[in-house]
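Engineer: Pasting the sequence and the predicted model now:
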Amino acid sequence: MQTATLLRTATAVLALGALAACSSTPPPVDQMAVTRTTVNRVAGEPQVAANAPVELQRAREKLVAAEKAMTDKDYELARRYAAEAEADARVAETKAEAANNAATLQQVRTSIQSLQTEITRRDPAPAVAPGAAAVPAPMAAPMPAPAMAPRPAAVAPGAVPGMPVPSNPAPAR
């Protein structure tokens, strides 16, 4: 009998604890504000609406569901929908950036092709098959070395180069 009473008491305490835990879940006000800001910011970017409309719509729908859960005071559900809405908005933003990067890459490739065409038009060199070694253009004949001026005769010690040396030098003292 005492075991049954103890079991009922333990069950009642656990049930009350579970109810208290559910009711003490604070509303995710901060997360809702961050999610709203993220979804509105992403929705305001024209390339997102053009390149990721499905993901953007999904983010908006989950934000509405999160706000409804907040109104119904189902804070756990609101928190989950808010996190999903924010994630979907970021996916939409990333998808739009990827589409923008792909368009930029295509423009760069087109520019490179135009430059290669222009180079070929100005300097029509014979085409080399891929993997084949290019043959360098023949080099011009080497230029002859410049003629060297004759070396001056040895200069006597004490003489200044370029000055005439007297035929009878004065004896050293």
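Structural biologist: It's in. Residues are numbered from 1 along each chain as shown.

Engineer: Next, count neighbours for Val64.
Structural biologist: 13 (other C-beta atoms under 10 Å). For the C-beta atoms, the positions are set from N, CA and C on the backbone; glycine is no exception.

Engineer: how far away is it from Ala102?
Structural biologist: 31 Å (C-beta to C-beta, to the nearest Å).

Engineer: just Arg109 next, same as before
Structural biologist: For Arg109, the distance to Ala102 - C-beta to C-beta - is 11 Å.

Engineer: Also Ala50?
Structural biologist: 13 Å.

Engineer: before we move on, what about Thr71?
Structural biologist: Counting by C-beta to C-beta, the gap from Thr71 to Ala102 is 41 Å.

Engineer: again, but for Arg36
Structural biologist: 30 Å.

Engineer: who's more crowded, those two?
Structural biologist: Arg36 (16 against 11).

Engineer: Can you give me every residue that contacts the more buried one?
Structural biologist: With contact taken as C-beta atoms under 8 Å, 6 or more residues apart in numbering, Arg36 is in contact with Leu63.

Engineer: Also Gln31?
Structural biologist: Gln31 neighbours (C-beta under 8 Å, 6+ apart): 79, 82-83.

Engineer: Can I get the residues you listed in CSV including pLDDT?
Structural biologist: Shown next, in CSV, are those (pLDDT from 0 to 100):
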residue, pLDDT
Arg79, 96
Ala82, 95
Ala83, 95
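
Engineer: Top of these by number of neighbours, please.
Structural biologist: With neighbours defined as other C-beta under 10 Å, the most crowded of those is Ala82; it has 27 neighbours.
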